[in-house]
Every structure is written in structure tokens, then in C-alpha cells.
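Peer 1: below: sequence and its predicted model.
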Amino acid sequence: MGKGIQSVRGFSDVLPAESPLWQRAETVIRDTLESYAYREIRLPVVERTELFKRSIGEVTDIVEKEMYTFEDRNGDSLTLRPEGTAGCVRAGVEHGFLNRGEPRLWYMGPMFRHERPQRGRLRQFHQVGAEAFGVAAPELDVEMIAMTARMLGRLGLADDVRLEINSLGTPEARAVHRERLVAYLREHIDSLDDDSRRRLETNPLRIFDSKDAGVQAVMEGAPRLLDALDEESAAHFATVRNLLDRLGIEYTVNPALVRGLDYYTRTVFEWITDRLGAQGTVCAGGRFDGLVGQLGGRPTPAIGFALGLERLVALLAERAGSGEFDGAPHAYMVVGADPGEALRLAEALRDRLPGLRLEVHPGSAGFKGQLKRADRSGAAVALILGEEEVAAGRVAVKSLRGEGGQRAVARDDLPEVLAALLVETRRAD
RNA sequence: GUGAGCGUAGCUCAGUGGUAGAGCCCCGGAUUGUGGCUCCGGUGGUCGUGGGUUCGAUCCCCAUCGCUCACCCCA
């Protein structure tokens, strides 16, 4: 325990016991994205530091104190990506594909933020993100929300999450509102706690969800961003709400919902759970109509979301039933005097049945020990290939679950028997 | 970055100022080529690390590292 080299704080392993859940999440997400015509893009984990400063915002927590930044050997400042959108937009501008059609992209991979680890928060964590470019219509916002709803639904998490939405309007409207809000708050500065005073400088909108009762009272009378929206943004938001209603997607409007990154505009949304402690946001996204232009591309409207895989998997783990796929082999081959023959047979079986998970006992040993291993492997059956069986051209198929019956099967019939077994266990996969 | 709680076997945890235990796991055995159940036996810990107090520290004190949760922030 206290020995040897340990993993770096906040960088954790996904052990074999948990990886099936990850695989299931990834598969469902990928399939869903593809069913909405999103295509995968694979992006580097390292980008120039400047990219994140310009996109996420200089004064955000992420840029100010959470980035893994280092100097390359040639003196360039590089950063382990703290999120995926910036790199995605950078790639789009660099390769000039953002304005050819309306690209829909997704990516999956590790992100890095130097924060204090806690439940649902690691320094290396994994996100699935998707971005759609070139479409300003609110229909796209709603389709994206519907897509995330579908993912969560397919994973059986519909009852564990709720949707909150808000509109941040245009940067201009937001700036005007911000000034008004700050002016208002300065009048009531005496009623603000330290936390809120600090936010006054950094992100005054955040003060809306202060937990302090006195602050709450002040905020009752504060100017609301939603009331200050420009006409177009207001109409856009109204359409989003209307369409969500028509799709039967439930949501609540949360005027205090603010995305942490500077580049968001108009629609923002967040899927929240109460089952994961303090870090309840599982999936969040919104429009960023200004970012592409900011990063040197032709001004292009865009929308995206990011989903935290650790948090999603944590929810799945809570929900996981007994029939969960655990990666155990279907069959375990017990080997007698001729290990070479066992290997040959095993290869032949894998040729015939690509879906078969077959573990062959390495070398040969006593049947007792091998059967014990077979049992512990979690396999449904043991395939016993001893001297008697080899001589007779058969394989003993012994059930390791339930009664434990055993029967001799002719070699030629074995693929068929195992195929039936696969069908039987497919449910659990 | 701030605060709180916790670090004893692979895991879950007892424990006492006098150089450590249980359950589970793992390994072996209960006669010949048959797992699970039962019984018997066994491996395994410099009690997170470094200092201090003490005749003596796993236990008390300090520091440090790590874990966990919360704040902040966010996926």
C-alpha cells in the first residue's frame, strides 16, 4: 500500500471491473451521435496555451488556476486541454471545413484540470463532446438537447437527471445587463457576503445562486438577464421552449444557469442529477456563436455540449443490475495431456464463433485445479479436453452454473453447442 | 486555493503505551480425470512517511504525503 509508485493525484485507473460500464456508455453515446449524423473527430490532447486563453476567457478559473501548462523544449507555452471545444474549433478553422456544409462533429477523450479532486471530479477526466457549426436556427439547439436526452434515456438514466435551460443572449445584451447588475449590487454591497463580493468582479451572474439568505433577498430585486435579452435572442429562446414542449422534453428555466466559459451565447442547458453529491452536472452545453470568429475563422454560429463520462458511469454504476456484463469468458477450456491440441481446437472455435469469449488453461495441470479456475473465471461452461476425449474425438461440456451437468459432445457438434450458449448469454451482454 | 474526516493484510475493518488480529480474497490439502458447499492448514503488514515525547509508540504530539467529502468552480 505505502509501497511502490502510486498514480498521480487526481489521475485514476479504470479497472477491469468497471470498464464494461464505460464500454456500454461509450457505445450507446457513439451510436446515438451517429444516428444524428455527427461524425467523429480526433483531436490532440495538447494545444498552444493561447488557444484556451482566447476561447475560454482569461479571467475564468480554468485559465487562471486550473490549466496544466508547461513550456515545450523550444520555448512554446503548451497546455493539456481543459476542455474540447477550443481544439475542435481550432481544427475547423485550420482545415477550413467549418463553412463547407454544416459540419457536425463529436469527440471523446481525456481532459485535464488542476482542481482539488472530490466526488465526480478528477484532474484527468473524460468527456464526450459534440459541436455543430453553421446553423443559427433554434431547431438545432432543440435537436441537440433531444439527442442528449436520448443518450441518457437509452442508458436508463431518464429518471436520474433533469434538464435546466437558460438563455444568455448576445454578448452585447449580456454586457449591458452586467453593467446594470453590477451597479445594482454595488448599491447593496453591504448585504453581500465575501463570496458574492468576489463574484461581483469575476462573474456577477453567479451571485444569483448564492446560498446566503441575505444575498438571496437582495437578488430578488436584481435585474434579470432574461428580461434584458435582445429581441432576437428572446424570440430564439421562445422557439426553443416551444419546440421542447412539442417534443415532450421536460425542462425548467433556470435564470441563474450560467456556463462557466466565456464563449457561450443564447441557449445554454444542463442535465443535472441529485445522486452524485455536489458535482451534479452530468452533461452541459450551449451556443457559442461568437467563438469561431474570435479564433480567426469566418463568423459561424455553433452549438455544442460536453458530457462527463466519470459522472455518467457513476450513475450507471448505481443503476447497474445483477445481469450486468462483467467481461467473463463464455467458456474455459480444461486441458489434459495434449495442450497443443487444446490450442488448436480453441483457435478453430474462435474461427467459427467470433463472438465467443474463450479462455484456455495455459499449460496443463490437475483437473481439479483447472476446474477451480474455470469456475472462478466466471465462465458458463468448462470444455474438458482430456486424454479420453481426445481419443474419442469429443469434448466434455460441463456446465459451471446451476446443476453442473456434463455431457460428451462430438468435436463437429461443438460449435453448434457453443453458438446456442452464446444466444443464451447474449442478454447479459 | 480553503475547511473537515480518515490512513492497520489484496479488500472490509477490529485493536492495545510493551514490538498486531478477524472476516472475505488468495494458495494448498481432505487418495486415482471434475469446480461450487463444508472442514483443515498456509502465504501475506517495517500499523502511510519523517520527526518528537517515552525505558518502550501502531496507539500520544508535530509535520508531511495520500485518500474522502464539502466550499470554490465545473463535465
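Peer 2: That came through fine. Just so you know, these numbers come straight off a predicted model, no measurement behind them.

Peer 1: need the pLDDT of the spatially most central residue of chain A.
Peer 2: Per Cα atoms, centre = their mean, the C-alpha nearest to the average position across chain A is that of residue A:309, at 2.9 Å. Listed pLDDT for residue A:309 reads 95.

Peer 1: then residue A:326?
Peer 2: 73.

Peer 1: can you check the one 10 residues further on too?
Peer 2: Note on residue A:336: pLDDT of 87.

Peer 1: hang on, the earlier thing: who's in contact with the residue nearest to the centre of chain A?
Peer 2: Taking Cβ atoms under 8 Å, 6 or more residues apart in numbering as the contact definition, residue A:309 lies against A:22, A:25-26, A:108, A:125-128. No exception for glycine: its C-beta is placed from N, CA and C like everyone else's.

Peer 1: restricting to the residues you listed, which residues neighbour RNA strand B?
Peer 2: Filtering these for neighbours of RNA strand B using Cβ under 7 Å from any atom of the strand leaves A:125, A:127.

Peer 1: filter the contacts of residue A:309 down to the ones in helices?
Peer 2: Using DSSP state H, A:22, A:25-26 are the members of those that sit in helices.

Peer 1: name the SS class of the closest residue to residue A:192 other than its chain neighbours, please.
Peer 2: Nearest residue to residue A:192 in three dimensions, chain neighbours excluded: residue A:215, at 5.9 Å (Cβ to Cβ, 6 or more residues apart in numbering). Of the three states, residue A:215 takes helix under DSSP: H, G, I helix; E, B strand; the rest coil.

Peer 1: residue A:355 too?
Peer 2: The three-state label given to residue A:355 by three-state DSSP is coil.

Peer 1: next one: residue A:334
Peer 2: strand.

Peer 1: you'd agree it is up against residue A:383?
Peer 2: Yes. Using Cβ atoms under 8 Å, residue A:334 is in contact with residue A:383, at 6.8 Å.

Peer 1: which one of those two is surrounded by more residues?
Peer 2: residue A:383 (29 against 25; other Cβ atoms under 10 Å).

Peer 1: state the distance from the residue nearest to the centre of chain A to RNA strand B.
Peer 2: According to Cβ to the nearest atom of the strand, to the nearest Å, residue A:309 and RNA strand B sit 7 Å apart.

Peer 1: look up how far residue A:26 lies from that residue.
Peer 2: Per Cβ to Cβ, to the nearest Å, residue A:309 is found 8 Å from residue A:26.

Peer 1: show me whatever sits in contact with both of the two.
Peer 2: Residues within reach of residue A:309 and of residue A:26 at once, by Cβ under 8 Å, 6+ apart, are A:108, A:128.

Peer 1: for stretch A:21-37, buried residues please.
Peer 2: Within stretch A:21-37, the residues scored as buried using 16 or more other Cβ atoms under 10 Å are A:21-22, A:24-26, A:28-30, A:32-33, A:36.

Peer 1: sorry, wrong one. I was asking about stretch A:414-422.
Peer 2: By neighbour count on 16+ other Cβ under 10 Å, the buried set for stretch A:414-422 is A:414-415, A:417-418, A:421-422.

Peer 1: do stretch A:176-187 as well
Peer 2: For stretch A:176-187, burial by neighbour count (16+ other Cβ under 10 Å) applies to A:176-178, A:181, A:185.

Peer 1: over to stretch A:192-201?
Peer 2: Neighbour-count burial for stretch A:192-201 flags A:192, A:196, A:199-200 (criterion: 16+ other Cβ under 10 Å).
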